[in-house]
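**Q** can you look at this prediction? I've put the sequence above it.
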Amino acid sequence: MPSSTVVTGLAGSLDAVMTRLQRGHGDPTLRRVHDGWWRAMHPAPGPALVHFRREGDDVVVRAWGEGTAWAFEHAPTQLGADDRPELFPPAPVRLGATGLLAEALAAAVIEQKVTGAEAFTSLRRLVRRFGEPAPGAEDEHHPAHGLVAPPTAEQWAALPGWEAVQVGIDDRRAATLRRTMAKVPALERVLARHAGLDVTPRGEALERALTSLPGIGVWTAAKVRQQVLGDPDAWSIGDYHVPGVVEWRLGGPAEEALEPFRPHRYRLELSLLSQGLPPRHGPRRSLPTHLPLRADWRGGSHGRRP
């Protein structure tokens, strides 16, 4: 197996592609460094630690762990090599596709109907609690030391309810998480059956399968399509912020305003968001206090439980 592989011509979009995967600055699966990014992931063969390093216009990819071969094979797609941003000149945003369904679906369910701060804290604590330390970074001086590969679908499906409540996840989301993660093998078969389709029809097939499950709506399905497939049309319908940004920038109801831009509505969404949010006219949402959280939940230790 080669020690590294090179993805040509994509160094310029590396930061944008990786930043869209990052769940807050304390995300234990991603770390930005001066020359690129470290990423811990858990594909089917096993956990992997991947270093994406800029070298001129190219990205040099190195990997460690049981998932190394998978990481090399999928590195170009993850960096957006298969995407065609030039097909939409008004917003030529490059989209990566992780191919990691369990990772994206777990995060999207945890993020349902709560603030980003709540969701990121809950997700961070569960990943550290149930994930695996990034292979190859055991030395405390390693630049990726402390990164964690996320739990598998099977681990998410077996999450005890009391563990979810202790990190701020209510019973409804916890039940949805367990139920949907048990369906990941079936959802992966849906993707396999539609592998010959273009990305957006494939994303629509995945959305139909996802939204047939209790507790999964179009917002969650869109988030999964964005991350797993890099679907350029999977705009964040039902989002707390996005429709307001679209209406502010384009005028009219968001769905109607975006309709002429199929199949690049998500690409346009990202371009509009990069231009800033509309003026705020109301108070910020506050974090809830009604769940029986551990005392250290809001900002405590980032370490793994003994």
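**A** Sure thing, it's come through. Numbers count the residues shown, from 1 in each chain.
**Q** I237: what's it in contact with?
**A** By C-beta atoms under 8 Å, 6 or more residues apart in numbering, the residues touching I237 are 218-219, 222, 243, 254-255. All C-beta spots, glycine's among them, are computed from the backbone N, C-alpha and C.
**Q** may I see the PyMOL selection of the buried members of those residues?
**A** Burial among the contacts of I237 is assessed by 16 or more other C-beta atoms under 10 Å; the matching PyMOL selection reads:
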select buried, resi 219+222+243+254
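**Q** can you lay out the contacts of I237 as JSON lines showing distance to P135?
**A** Shown next, in JSON lines, are the contacts of I237 (distance: C-beta to C-beta, whole Å):
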{"residue": "V218", "distance to P135": "36"}
{"residue": "W219", "distance to P135": "34"}
{"residue": "A222", "distance to P135": "32"}
{"residue": "P243", "distance to P135": "41"}
{"residue": "A254", "distance to P135": "43"}
{"residue": "E255", "distance to P135": "44"}
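**Q** now, among the contacts of I237, which is nearest to V17?
**A** Nearest to V17 out of the contacts of I237 is A222 (C-beta to C-beta; 17.8 Å).
**Q** give me the secondary structure label for that closest one.
**A** Under the three-state scheme (DSSP: H, G, I helix; E, B strand; the rest coil), A222 adopts helix.
**Q** give the closest residue to it in space, chain neighbours not counted.
**A** A234 (4.6 Å; C-beta to C-beta, 6 or more residues apart in numbering).
**Q** now do the one you found, the pLDDT please.
**A** Note for A234: predicted pLDDT of 98.
**Q** that one reaches R267, doesn't it?
**A** No - here A234 lies out of contact with R267, judged by C-beta atoms under 8 Å, at a distance of 9.8 Å.
**Q** would you enumerate the residues in contact with the closest residue to G26 other than its chain neighbours?
**A** Nearest residue to G26 in three dimensions, chain neighbours excluded: R124, at 5.4 Å (C-beta to C-beta, 6+ apart). Listed by C-beta under 8 Å, 6+ apart, the contact partners of R124 are 23-24, 26-28, 302.
**Q** which of the residues you listed are buried? Put it as a ChimeraX command.
**A** What follows is the ChimeraX syntax for the buried subset of the contacts of R124, where burial is set by 16+ other C-beta under 10 Å:
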select :23,27,28
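**Q** if anything else comes up later, I'll come back, but that's it for now.
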